[in-house]
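K.L.:
Provided below for reference: sequence and predicted model.
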Amino acid sequence: MDDHYFESKTETTFDDAQRVEPGDERSVAIATARSWELPYLDDEPVLIDSESAARVGGEELARIGAAPVRCTDGNIRVVLADATPERIAGIREHFSGAIDIGVVKTSTLASLLDAASMATVSSGTNPVTNGAAAAAPVWGRSLERVLTAFDTEATRLQDLRGKLQELGGEMAAREQRVQELETELQRMRVERLRDQEAVDRLRHDLTERNNRLERALTKTHELAAIIQGGNLQ
């Protein structure tokens with residue numbers, strides 16, 4: 001049989017549901033339980049009910065995204081992680097209409113579905129044949145989850161690398177702009193020094209001209225006095 005739980009593209013399965021981070025699984029499961037008025041069962045130990053799992057089949061349980069469990073009070077309940085009308089209808093179809101339904105975390109349901117697949121294998125008449133047929137999907141799903149986790153992390157690292165490259169580009173552009181401003185400031189300082197030197201030269205030239213004018217004026221006064229004295233004689 002095909003592994004509908006992870007590979008079906010035509011049916012909505014449990015693994016097609018929105019993935020959440022491990023730290024958010026509990027809050028999501030509790031919110032689901034509250035919105036559907038179902039009990040949250042992940043705070044108590046639950047074990048797969050092998051008989052019920054073998055009767056329905058591991059593949060079918062994976063397809064509908066639900067698992068039969070035996071709770072601490074001895075009662076059998078069917079647990080799910082993502083409640084939808086179609087999923088609940090599937091549970092009612094495969095189990096007694098009076099069966100109680102509960103909510104568990106996504107990771108808990110995944111482990112229970114793996115256990116259900118193993119229970120189906122154990123109930124077969126030919127353990128070698130059935131084990132070869134069913135163990136591969138179980139390990140395949142586990143490997144698929146690991147590969148998916150790696151792909152997710154690889155995508156995040158790629159995004160982080162892109163952001164770091166973008167930040168590095170911005171920092172390089174800013175550094176280049178700072179260097180350009182420093183060069184411009186140095187050029188302005190040199191021009192200011194040159195302007196100051198020109199001003200100093202002009203002041204020196206002006207002082208020299210004033211001195212020459214004063215000396216010329218003094219000579220003029222002396223000549224005028226000499227001329228006036230000669231006239232008086």
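P.N.:
Received the coordinates, thanks.
K.L.:
and the residue nearest the centre of the chain, which of the three is it?
P.N.:
Central residue of the chain (Cα atoms, centre = their mean): residue 156, 5.6 Å from the mean position. When classified by DSSP: H, G, I helix; E, B strand; the rest coil, residue 156 comes out as helix.
K.L.:
where's it relative to residue 169, distance?
P.N.:
20 Å (Cβ to Cβ, to the nearest Å). Every residue, glycine included, has its C-beta placed from N, CA and C.
K.L.:
Helix, strand, or coil at residue 90?
P.N.:
Classification of residue 90 using three-state DSSP returns helix.
K.L.:
Nearest spatial neighbour of it, chain-adjacent residues omitted?
P.N.:
Excluding the flanking residues, the one nearest residue 90 by Cβ to Cβ, 6 or more residues apart in numbering is residue 64, at 3.9 Å.
K.L.:
pretty sure the one you found is in contact with residue 91, am I right?
P.N.:
Yes - counting by Cβ atoms under 8 Å, residue 64 touches residue 91, with 6.6 Å between them.
K.L.:
what's the one helix or strand residue 214 maps to packed up against?
P.N.:
For residue 214, the host element (DSSP states H and E) is helix 127-232. Helix 127-232 sits against helix 4-7, helix 58-64, helix 106-122, with contacts defined as 3 or more Cβ pairs under 8 Å, 6 or more residues apart in numbering; DSSP states H and E.
K.L.:
Apply 6 Å and report the result again.
P.N.:
On a contact count with 3 or more Cβ pairs under 6 Å, 6 or more residues apart in numbering; DSSP states H and E, helix 127-232 meets helix 106-122.
K.L.:
and the helix it packs on, average pLDDT?
P.N.:
Taken as a whole, helix 106-122 has a mean pLDDT of 84.
K.L.:
Name the residues of it that are buried.
P.N.:
106-110, 112-121 (16 or more other Cβ atoms under 10 Å).
K.L.:
and residue 88, how many neighbours?
P.N.:
Applying other Cβ atoms under 10 Å, we find 17 residues neighbouring residue 88.
K.L.:
Now the closest residue to it other than its chain neighbours: which helix or strand?
P.N.:
Closest residue in space to residue 88, ignoring its immediate chain neighbours: residue 101 at 6.6 Å, by Cβ to Cβ, 6+ apart. In the assignment (DSSP H and E), residue 101 maps to strand 100-103.
K.L.:
Next, the buried residues of that strand.
P.N.:
Within strand 100-103, the residues scored as buried using 16+ other Cβ under 10 Å are 101-103.
K.L.:
Stretch 38-56 now?
P.N.:
By neighbour count on 16+ other Cβ under 10 Å, the buried set for stretch 38-56 is 38, 40-42, 46, 48-50, 52-54, 56.
K.L.:
Could you dump these into JSON lines with secondary structure, distance to residue 149 and pLDDT added?
P.N.:
Shown next, in JSON lines, are these (DSSP: H, G, I helix; E, B strand; the rest coil; distance: Cβ to Cβ, whole Å; pLDDT from 0 to 100):
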{"residue": "38", "secondary structure": "coil", "distance to residue 149": "28", "pLDDT": "92"}
{"residue": "40", "secondary structure": "strand", "distance to residue 149": "25", "pLDDT": "94"}
{"residue": "41", "secondary structure": "coil", "distance to residue 149": "25", "pLDDT": "91"}
{"residue": "42", "secondary structure": "coil", "distance to residue 149": "21", "pLDDT": "86"}
{"residue": "46", "secondary structure": "coil", "distance to residue 149": "24", "pLDDT": "87"}
{"residue": "48", "secondary structure": "strand", "distance to residue 149": "23", "pLDDT": "91"}
{"residue": "49", "secondary structure": "coil", "distance to residue 149": "29", "pLDDT": "90"}
{"residue": "50", "secondary structure": "helix", "distance to residue 149": "28", "pLDDT": "88"}
{"residue": "52", "secondary structure": "helix", "distance to residue 149": "30", "pLDDT": "87"}
{"residue": "53", "secondary structure": "helix", "distance to residue 149": "26", "pLDDT": "88"}
{"residue": "54", "secondary structure": "helix", "distance to residue 149": "30", "pLDDT": "88"}
{"residue": "56", "secondary structure": "helix", "distance to residue 149": "28", "pLDDT": "88"}
